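Trainee: model the structure of this input:
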Amino acid sequence: MYILLAEDDLRLGNLVQKLLDKQGMRVDWVKDGAEAIECIRNNGYEVVILDWMMPEMSGLEVCRELRKDEYQGGVLILTAKDAVDDLVMGLEAGADDYLVKPFEIKELIARIRSVARRSRVSLKDDIIKAADLELNRVTKTAKRGSRELTLTSREYQLLEVFVQNYGRVLTREVLLDRVWGWDNAVSPNNLDAFIRLLRKKVDNPGECELIHNVRGVGYKLEDKHAVKNS
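Mentor: Next comes the predicted model:
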């Protein structure tokens, strides 16, 4: 796996680079945001790890710039900030995940592998898959395993956004923007009701739940059993 680490703390950056190297990961390490942007534009990194507070450009500014450039790899933000509002800011900037310092190296490795898996979901394919869900973007149909899902057009749109962002926490604001657009009269409460109905169709009794509420933030689609066993 080819990774860019952008971290201005020399001790932490050196330690993380060495430990990831031992895991068989190829790691380039830079110390500021501007250098990170230059490297990412010139190399095919699968995952980018960004410290929130860096010289030249912050990790959030780098992340926003990458998503404007349509960078499709995984982005993991490292920060000492742990408030829900900070988490929301990171996710809305386009980050796939968020790890609070100090952290265990095992957790960092697990997060890296997780964002790498989810970034491999192609947004251009006619058939897209996540967990045991399969969506046909031409016919606008969906199935879970061998079970066909009977969805309204809005439910299909919601599910497609979840599948495209498998494992990523999506705020209510992002979901409303992606499915209804900002110029709409749909409230967060309306969204919650839509998702409850979608859950009933996606998650049958006895099946592993895929759609999860992230308290105070939003929702995500993830097979937690698969994550634990990976």
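
Trainee: what's the spacing between Val179 and Thr79?
Mentor: Per C-beta to C-beta, to the nearest Å, Val179 is found 29 Å from Thr79. From N, CA and C alone the C-beta is placed, and that goes for glycine too.

Trainee: which of the two has more neighbours?
Mentor: Legend: neighbour count by other C-beta atoms under 10 Å for Val179 and Thr79, higher for Thr79 (21 against 18).

Trainee: which residues touch that one?
Mentor: The contact partners of Thr79, taken as C-beta atoms under 8 Å, 6 or more residues apart in numbering, are Asp51, Trp52, Met53, Gly59, Asp86, Gly90, Tyr98, Leu99, Val100, Lys101.

Trainee: mind checking which of those are buried?
Mentor: Applying 16 or more other C-beta atoms under 10 Å to these, the neighbour count classes Asp51, Trp52, Gly59, Asp86, Gly90, Tyr98, Leu99 as buried.

Trainee: what's the closest non-adjacent residue to the fourth one?
Mentor: What that stands for is Asp86. Nearest residue to Asp86 in three dimensions, chain neighbours excluded: Thr79, at 6.9 Å (C-beta to C-beta, 6 or more residues apart in numbering).

Trainee: repeat that for the third one.
Mentor: In space, and not counting its chain neighbours, Gly59 is closest to Leu50: 3.5 Å by C-beta to C-beta, 6+ apart.

Trainee: would you agree that neighbour is in contact with Gly74?
Mentor: No. Contact criterion C-beta atoms under 8 Å: Leu50 and Gly74 do not qualify, at 11.0 Å.

Trainee: what are the boundaries of the helices in the chain?
Mentor: Assigned by DSSP state H, the chain shows helices spanning 10-22, 33-42, 59-68, 84-92, 105-119, 153-164, 172-179, 188-202, 224-229.

Trainee: could you dump these to JSON lines with distance to Leu210?
Mentor: Formatted as JSON lines, the helices of the chain follow (distance: least, C-beta to C-beta, whole Å):
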{"stretch": "helix 10-22", "distance to Leu210": "30"}
{"stretch": "helix 33-42", "distance to Leu210": "31"}
{"stretch": "helix 59-68", "distance to Leu210": "25"}
{"stretch": "helix 84-92", "distance to Leu210": "19"}
{"stretch": "helix 105-119", "distance to Leu210": "13"}
{"stretch": "helix 153-164", "distance to Leu210": "8"}
{"stretch": "helix 172-179", "distance to Leu210": "15"}
{"stretch": "helix 188-202", "distance to Leu210": "6"}
{"stretch": "helix 224-229", "distance to Leu210": "9"}
